[in-house]
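Chemist: pasting the sequence and the predicted coordinates here, then a few questions.
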Amino acid sequence: MKQPLIRKHSMVEIVEVLGETHLFNGLHVHISKKELTEAFFSYPFRTDQYVFLLVLSGSIKVQLNLITYTVESNEILAFTPKTIIDIGESSHKVDMIVISFSIDYLLKTPFKSFEINAFDFFFTDNIVKLELTNRETTLFVTLAELLVQKSIAKEEFFKDEIIAHSFGLFMYHYASVFRRIYPTLEIEMSRQEELAFRFEKILNENLKQERSVQFYAEALYVTPGHLSKVLKEVSGKTAAQIINSAVMMEARVLLKNPSLTIAQVADELQFSNQSFFGKYFKKNIGYSPSEYRKNI
């Protein structure tokens with residue numbers, strides 16, 4: 001089986017690069033206070049979890065879905081498993097917190113069924129960098145340290161519950177800061193949010209093989225019409241638009257690599273032939289793959 005051109009690293013693999021990270025049933029907490037001598041990976045990749053990246057001091061440059069962010073002290077980013085990550089330069093000494101979690105972990109938490117709507121910041125069209133006050137940063141650090149402390153505790157009453165609710169506080173704290181900066185963001189109903197989360201997970205796992213709304217609707221036990229209606233209300237896009245957008249993001253990243261032919265890009269994305277890929281790309285982007293390369 002050939003290696004995909006945009007690799008996917010599990011958080012376990014990323015942990016090996018980051019160093020000391022505390023793991024707990026799909027939740028990972030890393031508090032870094034060491035020199036970074038080189039980038040984590042020298043190529044674009046995805047991870048299999050939702051990620052918060054908070055820089056406490058120093059700076060790190062990261063490209064997410066082709067957009068470059070320089071994250072500095074008291075700034076935080078949140079992004080999803082479908083995000084294509086390309087780590088760039090960083091200052092020699094970077095203090096940062098990385099908290100990641102799987103969708104399965106989130107759906108097992110006590111607040112999954114009635115308050116998950118607070119986490120709709122993961123469905124915004126653009127990844128946003130939030131600037132924090134010192135007090136907001138301090139609270140993030142306190143919650144992250146509490147998660148580490150409880151995760152390494154060997155025997156403690158209500159350990160699972162304390163970790164779950166501490167993680168919930170971290171999520172709500174981020175949501176509160178997000179709403180402070182973006183107060184007009186509409187809140188959707190919890191079942192809609194949960195369906196959107198599940199769709200995101202299945203799409204990330206099947207993007208190259210399946211591009212039909214019917215496939216994802218059947219996997220979620222809903223009709224294609226209902227799936228598109230819910231996603232439109234949550235994200236502003238239909239299921240087909242989200243699928244096409246994800247495929248085109250993958251294609252655009254691959255086309256940036258001059259060592260790949262257009263035929264190889266089409267093959268990587270499992271189009272039947274280069275001609276069909278070219279028509280699909282032009283319909284969604286407005287340029288043929290070769291024209292897009294020239295514009296780059």
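Modeler: Nice, thanks for sending it over. Residues are numbered from 1 along each chain as shown.

Chemist: show me the strands in the stretch 151-296 of the chain, by range?
Modeler: Here the stretch 151-296 of the chain has no strands by DSSP state E, counting those that start in this stretch.

Chemist: how about low-confidence regions in it?
Modeler: 185-190 (pLDDT under 70).

Chemist: going along the chain, name the helices of it.
Modeler: 159-181, 190-206, 213-219, 224-235, 239-255, 262-268, 274-285, 289-295 (DSSP state H, counting those that start in this stretch).

Chemist: CSV please, covering those and showing mean neighbour count and distance to Glu13.
Modeler: Glycine gets a C-beta too; all of them are placed from N, C-alpha and C. Output for those, formatted as CSV (neighbours: other C-beta atoms under 10 Å; distance: least, C-beta to C-beta, whole Å):
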stretch, mean neighbour count, distance to Glu13
helix 159-181, 18, 22
helix 190-206, 19, 16
helix 213-219, 17, 26
helix 224-235, 18, 29
helix 239-255, 19, 19
helix 262-268, 18, 21
helix 274-285, 16, 30
helix 289-295, 14, 31
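
Chemist: quick one: which of these is nearest Leu146?
Modeler: Closest to Leu146 of those is helix 159-181 (C-beta to C-beta; 5.0 Å).

Chemist: residues making contact with the closest one?
Modeler: 24-25, 27, 52, 76, 78, 99, 101, 109-111, 118-119, 121, 128, 130-132, 136, 139-140, 143-144, 146-147, 150-151, 153, 156, 185 (C-beta atoms under 8 Å, 6 or more residues apart in numbering).

Chemist: return the subset of those lying in helices.
Modeler: Glu136, Leu139, Phe140, Leu143, Ala144, Leu146, Leu147, Lys150, Ser151 (DSSP state H).

Chemist: closest to Leu64 among the residues you listed?
Modeler: The closest of these, once distances to Leu64 are taken by C-beta to C-beta, is Phe140, at 19.7 Å.

Chemist: give the burial count for the closest residue to the closest one other than its chain neighbours, as a bare number.
Modeler: Excluding the flanking residues, the one nearest Phe140 by C-beta to C-beta, 6 or more residues apart in numbering is Leu54, at 5.7 Å. A total of 25 residues lie near Leu54 under the criterion other C-beta atoms under 10 Å.

Chemist: okay, and Leu54 sits in which element?
Modeler: Assessed by DSSP states H and E, Leu54 sits inside strand 50-57.

Chemist: same deal with Glu13?
Modeler: Glu13 belongs to helix 11-18, assigned by DSSP H and E.

Chemist: if I read this right, the residue nearest to Phe140 contacts Thr137, doesn't it?
Modeler: Yes - here Leu54 reaches Thr137: they are 7.4 Å apart, a contact under C-beta atoms under 8 Å.

Chemist: hang on, the earlier thing: redo the ones in helices among the contacts of helix 159-181 as a markdown table? Include distance to Asn204 and neighbour count.
Modeler: Formatted as a markdown table, these follow (distance: C-beta to C-beta, whole Å; neighbours: other C-beta atoms under 10 Å):
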| residue | distance to Asn204 | neighbour count |
| --- | --- | --- |
| Glu136 | 30 | 18 |
| Leu139 | 30 | 17 |
| Phe140 | 26 | 23 |
| Leu143 | 27 | 22 |
| Ala144 | 25 | 22 |
| Leu146 | 30 | 17 |
| Leu147 | 25 | 24 |
| Lys150 | 29 | 21 |
| Ser151 | 26 | 19 |
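
Chemist: okay, now the nearest residue to Lys208 once chain neighbours are set aside: neighbour count?
Modeler: Leaving aside its chain neighbours, Lys208 sits nearest to Gln270 (4.8 Å; criterion: C-beta to C-beta, 6+ apart). The number of residues packed near Gln270 is 12, by other C-beta under 10 Å.

Chemist: what about Gln270, distance to Arg211?
Modeler: 9 Å (C-beta to C-beta, to the nearest Å).

Chemist: next: Asn65.
Modeler: 19 Å.

Chemist: can you check Ala263 too?
Modeler: 19 Å.

Chemist: kindly report the same for Leu18.
Modeler: Distance from Leu18 to Arg211, by C-beta to C-beta: 34 Å.

Chemist: show me what contacts the residue nearest to the spatial centre of the chain?
Modeler: The centre of the chain sits closest to Thr80, judged by C-alpha atoms, centre = their mean, with a distance of 1.3 Å. Listed by C-beta under 8 Å, 6+ apart, the contact set of Thr80 reads Tyr50, Val51, Phe122, Glu200, Asn204.

Chemist: sounds good, over and out.
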